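Undergrad: can't give you the sequence, but here's the structure:
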């Protein structure tokens, strides 16, 4: 933890001091980066590629709670949510810009911790930090990240191009990030009621890591490339399986049928679901923040993935008139609905 | 003005409702935009061009005051500050993304007004709105915009490539935006002390427009292109002439000499300077937000610009050992200093 007595106020180094401090920590890895931080704009060059551009804004107490989110993890995750969007287009992320609004309760050392996480994500994914902006806010921390990626024109995968009969596939496992959040929220409430009690997080490393330090599935994009497998449609799972399958279905003019028994859920997620008395299927369908990839493939491509542990076929794309159906373990059929994530209802 | 009784809370339409509402208003103008809003990322394609990428974050009560800034103007200006950065690289802006964090005191109608300004700037500059994010904030409005532009590799102009003996040029006139701000601040204080008094803004359209609805000098980029004039270095004037000439000088390893008498200042700016008892040179040197272009040219290129009313030569680049000097009207020499804009000191 940071020693409060030795912290430096941001006003001591100012905006330009902060930019310089960040600039000194950045190393450039991409040949497509011609000029990074230090001019009016970054200069990039991609020869024969299409450019992918995505942006996400994270606000304190809406998207994250600093009571249980270490700043380094927050920085890491803020980058990952954007890289995940590039992966969901079947692209390779290559640059990001980071803009921050911080209240003056943050110290230079706190911002350093945040950037440690940001730059670790950059290092792990071969991405360059090429620009940004840092300013003050009246309350709380706001992080706005834009990611740039690239892909050959033929490789870009959209949401709206699934075909009837395509298999619905998902990577990794679902619901763990949500269960990690529930655990953190439980321990926060216990701590608030009795600050003398240490949080009981033992043995839950997996679900905590999924919530606090998720990864983008660039490995899957690369694996599919080497398998010469191009999904017919793809999206990343940021809002939960229900919402994402409906995006693919509605945009493609189709319905979908998902088998509950096929949804991959980790042991650790199931264990915590029992402990917290939450239906694990609900955490997978509506939990969100898993940052796995949901995609559709032609049935004849099944051979390419059937033996790969990271891929699970969970259903098929159906006629639009069939709607979105979950076939439960007990043999009944449930309508899949999605209200999406409404940040405007989450406000305190 | 909006009728308070008929306003719709943002929670009534939600995040997806808001995205849809914005998407319906957007028209695509650029052939480089393959896919705009509606997938995990926008898809762009620039054949044989370098990509320019810049981002700015504006926070309420730090960068703008909603007491005297109409939301439509704020939206317009938020886009302009980014387009200006693309122009400062000698590039053409083509796409933007817009992320907002809004507190729930904003209505759907207020966000509509903001986007009216954003989309008007897009229309005026031929720029496509291709993505973004909208979420809630605990207090205040935060706008984060990223702009993409393009240029031929040979045309990109950096800050660090001025040469000793180059002429220092500026477009338009300086200090007006700052004087407009001072006028608005004066009227705000009068209004706060006595809400019955109407603000006295008559006859000050020019300086108010420069503050509230500035323009990016894309016309200058196009003019220089047609003149086959490539500046040796360029920057846009967002923080005031002092700060910007020092960026060019320090990055190029040079000093600079500026003639006070040559600095272009509009009649309206001079008039308000007298009224408010502010030195007009200070408003030009330190005021900022003019969004004019400051650039250096080889002396032999002077012929190309000497008869153009939009260009003024205000000095020359000198040896680094000469530092940064302002030669005043009375014949004395003053050291140019710049602390830059320190947003962290501006907080209430």
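TA: Perfect, I can see it now. Values in this document were obtained by computation on a predicted structure and should not be read as measured data.

Undergrad: can you pull out the helices in the stretch 101-250 of chain A?
TA: In the stretch 101-250 of chain A, the helices defined using DSSP state H, counting those that start in this stretch lie at A:108-125, A:176-193, A:205-212, A:218-226, A:241-252.

Undergrad: where do the strands sit along the stretch 51-200 of chain A?
TA: Residue ranges of the strands in the stretch 51-200 of chain A, as given by DSSP state E, counting those that start in this stretch, are A:92-102, A:128-136, A:142-151, A:167-171.

Undergrad: in CSV: these, plus mean pLDDT.
TA: Putting these into CSV (pLDDT from 0 to 100) gives the following:
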stretch, mean pLDDT
strand A:92-102, 96
strand A:128-136, 93
strand A:142-151, 96
strand A:167-171, 98
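
Undergrad: which of these is buried the deepest?
TA: Compared across the strands of the stretch 51-200 of chain A, strand A:142-151 shows the largest average neighbour count, a mean of 28 (mean count of other Cβ atoms under 10 Å in any protein chain shown). To be clear about C-beta, it is placed using only N, CA and C from the backbone, and glycine gets the same treatment.

Undergrad: could you tell me the angle between that one and strand A:92-102?
TA: For strand A:142-151 against strand A:92-102, the angle by axes from the mean of the first three to the mean of the last three Cα atoms, to 10 degrees is 170 degrees.

Undergrad: contacts (any at all) between chain B and stretch A:214-229?
TA: No - for a cut-off given as Cβ under 8 Å from any Cβ of the partner chain, stretch A:214-229 has no contacts with chain B; the smallest distance is 11.3 Å.

Undergrad: any idea how far that stretch is from the middle of the chain?
TA: Here stretch A:214-229 shows a centroid-to-chain-centroid distance of 15 Å under the convention Cα atoms, centre = their mean, to the nearest Å.

Undergrad: deepest of the helices of the stretch 101-250 of chain A, which one?
TA: Mean neighbour count, computed with mean count of other Cβ under 10 Å, is highest for helix A:241-252 among the helices of the stretch 101-250 of chain A, reaching a mean of 23.

Undergrad: partners of the following helix or strand past that helix, with directions?
TA: Remark: after helix A:241-252, the chain's next helix or strand is strand A:255-259, criterion DSSP states H and E. Using DSSP bridges, strand A:255-259 pairs in its sheet with strand A:311-318 (antiparallel), strand A:324-327 (parallel).

Undergrad: nearest to residue B:76, of the strands of the stretch 51-200 of chain A?
TA: With Cβ to Cβ as the measure, strand A:128-136 is the member of the strands of the stretch 51-200 of chain A nearest residue B:76 (18.7 Å).

Undergrad: parallel or antiparallel, which strands does the closest one pair with?
TA: Taking DSSP bridges as the criterion, strand A:128-136 sits next to strand A:92-102 (parallel) in its sheet.

Undergrad: one step back: need the strands of the stretch 51-200 of chain A in TSV (columns: distance to residue A:17).
TA: Formatted as TSV, the strands of the stretch 51-200 of chain A follow (distance: least, Cβ to Cβ, whole Å):
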stretch	distance to residue A:17
strand A:92-102	14
strand A:128-136	10
strand A:142-151	20
strand A:167-171	42
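
Undergrad: nearest to residue A:65, out of these?
TA: Among the strands of the stretch 51-200 of chain A, the nearest to residue A:65 by Cβ to Cβ is strand A:142-151 (13.7 Å).

Undergrad: can you state the direction angle for that closest one and helix A:108-125?
TA: Using the same axes, to 10 degrees, one finds that strand A:142-151 and helix A:108-125 are set 20 degrees apart in direction.

Undergrad: quick one: list the elements packing against strand A:142-151.
TA: The helices and strands touching strand A:142-151, judged by 3 or more Cβ pairs under 8 Å, 6 or more residues apart in numbering or on different chains; DSSP states H and E, are strand A:50-59, helix A:71-87, strand A:92-102, strand B:50-59, strand B:92-102, strand B:142-151.

Undergrad: out of these, which is closest to residue A:138?
TA: Nearest to residue A:138 among these is strand B:50-59 (7.3 Å), distances taken as Cβ to Cβ.

Undergrad: surely residue A:327 and residue A:318 touch.
TA: No - look at residue A:327 against residue A:318 with Cβ atoms under 8 Å: they stay out of range, at 11.4 Å.

Undergrad: give the residues shared as contacts by these two.
TA: Taking Cβ atoms under 8 Å, 6 or more residues apart in numbering or on different chains as the contact rule, residue A:327 and residue A:318 both touch residue A:257.

Undergrad: so where's chain A shaky on pLDDT?
TA: Residues of chain A that meet the criterion pLDDT under 70 lie in A:1-5, A:339-348.

Undergrad: domains in it, by residue range?
TA: Following automatic domain parsing, one gets these domains for chain A: A:12-155, A:167-345.

Undergrad: among these, which is nearest residue B:74?
TA: domain A:12-155 (15.3 Å).

Undergrad: what's the nearest residue to the residue nearest the centre of chain A if we skip its chain neighbours?
TA: Chain A has residue A:81 as the residue nearest its centroid, 3.3 Å off, counting by Cα atoms, centre = their mean. Across the structure, with Cβ to Cβ, 6 or more residues apart in numbering or on different chains as the measure, the residue nearest residue A:81 apart from its sequence neighbours is residue A:56 (5.2 Å).

Undergrad: what's around the closest residue to residue A:23 other than its chain neighbours, how many residues?
TA: Take residue A:23 and drop its neighbours on the chain: the residue closest to it by Cβ to Cβ, 6+ apart is residue A:37, 4.8 Å away. Residue A:37 has 19 neighbours, counted by other Cβ atoms under 10 Å in any protein chain shown.

Undergrad: ok, now which ones touch residue A:37?
TA: Under the criterion of Cβ under 8 Å, 6+ apart, the neighbours of residue A:37 are A:19, A:22-23, A:26, A:129-132.

Undergrad: residue A:263: which of these is nearest?
TA: residue A:129 (36.0 Å).

Undergrad: pretty sure the closest one sits against residue A:122.
TA: Yes - at 5.5 Å, residue A:129 and residue A:122 qualify as touching, with contact defined as Cβ under 8 Å.

Undergrad: who touches both of these two?
TA: In terms of Cβ under 8 Å, 6+ apart, residue A:129 and residue A:122 are both contacted by the residues A:26, A:96.

Undergrad: once you drop chain neighbours, what's closest to the closest residue to chain B within the stretch 101-250 of chain A?
TA: Here the stretch 101-250 of chain A gets closest to chain B at one residue, residue A:144, 3.7 Å apart by Cβ to the nearest Cβ. Setting aside the residues directly before and after it, residue A:144 is nearest to residue B:144 in space (Cβ to Cβ, 6+ apart), at 3.7 Å.

Undergrad: identify the bridge partners of that neighbour.
TA: Note on residue B:144: beta-bridge partners residue B:57, residue B:99, judged by DSSP bridges.

Undergrad: hmm, back to that, higher neighbour count, residue A:327 and residue A:318?
TA: Shown here are residue A:327 and residue A:318; by other Cβ under 10 Å, residue A:318 has more neighbours (19 against 16).
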